[in-house]
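> got a structure for you, letters missing:
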DNA sequence: CTTTAGCACTCTTCTGTATTGTCTGCTAAC
DNA sequence: GTTAGCAGACAATACAGAAGAGTGCTAAAG
């Protein structure tokens, strides 16, 4: 579809634009990026690329900027893995080294690491709990009318919540509840908890609904809560030149503040490990001026959460993807 | 110090400026705010107030804006409690009604409520744990090398953490640890946990340091963690006209991102319930263009956390303070 | 047939100037 | 003590012209 030189020109324009955020002129590319031609030749190529839809102009006599199609082609065909510097490798290694066991915070730490290395804003969301298997569920009495429930899953995730009662509870009751819930739920996926209340009461009618009901309700609530979204490096975005437009800056802050939007964004595109959405490719209207790269990180095939990078369309895709790939390797111990 | 009419003029200027964010002209005040004088008279008063340092000009022929001293005088002497609308009362009541028992989230919920009603950004920090008394401390075995510690304090706060071990632990050991720690710590202030390790080992040398050490370390870590800062309504700030300056907007985002700064801010000014810092009154250089109102909320004299409002210097102090006072009442059941 | 030099043309950005409107300060009259 | 009225200061806006950057096209060179 594109001959070799056109590819080179497109790549050069994308990379130059990523670096400078200024429309790229034909002159800027001559004797650069291995393009040993005069500006006129480059101009002819640019005109062709524009006709084919890979480039845009901001006005008739401006340099070119990549179109969404141009970025897409770049990401799909032209990108090459960027070498990560030694310092970056060291930084990433240090931060992740001892944390790999702390499943609860791993997504947060990883998101923070990515944000620090790439200088983009990241949002992250913990692992989906509902398909994980319950390994153990424990109830602990706290005082006389309060209880803590701790759920342990097969992936090593621990979720806990406090339950309050309108009546006194004793140790013996807690023991029975422990036994009862474990009998029902051990080895089952977490979503089992969503079953109707009667199922829990089937065996043991000795327990009043007053006791069982708050337990089930509170546990459900905590598990829904796994949609908590963490944000890292929001201020970094303000260093980018495109954020000099107050319009864009405001829009950006609003996006980050709309939790549902971010959650939807992170939950889309199931299977893939790393997925790139460029500008209009984002389903959400509000994101059409940004690019999003999502990264579902897993250890041994187990979902551990999703991290999203939000940045300008001229995001340094190569670096972002390289960093993600490296972290993925690291987490899965292939290094 | 100021005669009655001057007070009236100053109050009018502050309130007008709070509403419009535009320098207030002498004309705007005539036949308004109960000032039935010509613009020339108002001008004379304004000139006097400026000489005394209560007002500033942006340039020689502009209207007046309040100086820091002007705001301070307004807050100290001229402010009157603003009536909160019925809708607002209902909104606040509904949000706080059933949450008063959920100590863990109370600060967060309160901060969110304040942000919604006042339309300013709030930051909040949970209660200081170190002086609270330990009512009970429970250890629960999870699997064979993992344990959860739950600490219950006299104010009803629950803190929990997961501890991982390099060796297997059995139920019997957990029981002894439970007994041991409770014997040592029950009724003591939380900071007792900071004691040197030897104290925990004194009685029970049967337990290896491998077991006790991770427990103490992890508990310490969690309790330090009480400095977590919550942010509400950051995007609201961007609707204010002063945030049209990218400079200010950027500065603002950076402030919110600097956790230490925010923590310092919330922890200053010990005793008072509600404290107002206007512009340069803030200790931190970065905050000198903003005003901060801090609100230490308590129930029955127990510290439950601190909430800070960050807004422009022309913040609606009257409304902010009224809302805080109302919430304070509400939380303490005087209504 | 590909590449390049050169030039006309387009559009943005910057600078300077004139214009308008707002608001003050001051003076003189009430 | 208060007010009307006017001169002066300044911001904001609009407009014109010049400079600069970059393209598109043509014709010549390789």
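Happy to help now that I have it. Just so it is clear, the structure is predicted and the values come from calculations on it, not from any experiment.

> Identify the residues contacting the strand or helix carrying residue A:150?
Using DSSP states H and E, residue A:150 maps to strand A:146-153. By Cβ atoms under 8 Å, 6 or more residues apart in numbering or on different chains, the residues outside strand A:146-153 that reach it are A:129, A:132-142, A:158-165, A:169, A:174, A:190, A:215, A:218-219, A:223, B:138, B:140, B:142-143, B:146, B:148, B:150, B:152, B:158, B:160. (Each C-beta comes from the backbone N, C-alpha and C, glycine too.)

> how long is stretch A:152-164 end to end?
Taking Cα to Cα, to the nearest Å, stretch A:152-164 runs 21 Å from one end to the other.

> which residues sit in contact with residue A:131?
Contacts of residue A:131 (Cβ under 8 Å, 6+ apart): A:189, A:190, A:191, A:303.

> which one of those residues has the most neighbours?
Neighbour count (other Cβ atoms under 10 Å in any protein chain shown) singles out residue A:190 as the most crowded of those, with 24 neighbours.

> mind listing which of the contacts of strand A:146-153 are in helices?
Among those, the members found in helices (DSSP state H) are A:174, A:215, A:218, A:219, A:223.

> re earlier: roughly how far out does the strand holding residue A:150 sit from the chain middle?
In terms of Cα atoms, centre = their mean, to the nearest Å, the centre of strand A:146-153 is set 28 Å apart from its chain centre.

> Measure how that strand sits relative to strand B:146-153, angle-wise.
Put simply, strand A:146-153 runs at 160 degrees to strand B:146-153, going by axes from the mean of the first three to the mean of the last three Cα atoms, to 10 degrees.

> Which residues are in contact with the residue lying closest to residue A:25 once chain neighbours are set aside?
In this structure, residue A:25 finds its nearest non-sequential neighbour in residue A:63, 4.0 Å apart by Cβ to Cβ, 6 or more residues apart in numbering or on different chains. Counting by Cβ under 8 Å, 6+ apart, residue A:63 touches A:22, A:23, A:24, A:25, A:26, A:28, A:57.

> Identify the farthest-apart pair in those.
Pairwise distances across the contacts of residue A:63 (Cβ to Cβ) peak at 14.8 Å, for the pair A:28 and A:57.

> Compare these two and say which one has the larger neighbour count.
Neighbours per residue, other Cβ under 10 Å: of residue A:28 and residue A:57, the larger number sits with residue A:28, 19 against 14.

> quick check, nearest of the ones in helices among the contacts of strand A:146-153 to residue A:106?
Ranked by distance to residue A:106 (Cβ to Cβ), the ones in helices among the contacts of strand A:146-153 are led by residue A:223 at 18.4 Å.

> What values do phi and psi take at the residue nearest to that closest one when sequence neighbours are not counted?
Distance criterion Cβ to Cβ, 6+ apart; nearest residue to residue A:223, sequence neighbours excluded, is residue A:129 at 5.3 Å. With angles defined as degrees, to the nearest 10, residue A:129 sits at phi -90, psi -30.

> Correct me if wrong: residue A:129 contacts residue A:154.
No - using Cβ atoms under 8 Å, residue A:129 is not in contact with residue A:154, being 11.1 Å away.

> any chance you could map the strands in the stretch 151-300 of chain A?
Along the stretch 151-300 of chain A, the stretches classed as strands by DSSP state E, counting those that start in this stretch are A:158-164, A:229-232, A:274-278, A:290-299.

> out of the contacts of strand A:146-153, who's near DNA strand D?
By Cβ under 7 Å from any atom of the strand, no member of these lies near DNA strand D.

> and the next element down the chain from the helix or strand hosting residue A:94?
Under the criterion of DSSP H and E, residue A:94 resides in helix A:86-97. Heading C-terminal from helix A:86-97, the first helix or strand you meet, by DSSP H and E, is helix A:103-118.

> Show me what that next one is packed up against.
Other elements packing on helix A:103-118 under the criterion 3 or more Cβ pairs under 8 Å, 6 or more residues apart in numbering or on different chains; DSSP states H and E are helix A:86-97, strand A:121-125, strand A:229-232, strand A:290-299, strand A:302-312, helix A:317-331.

> Tell me where the stretch 51-200 of chain A is predicted with low confidence.
Where the stretch 51-200 of chain A drops to pLDDT under 70, the residues are A:98-102, A:197-198, A:200.
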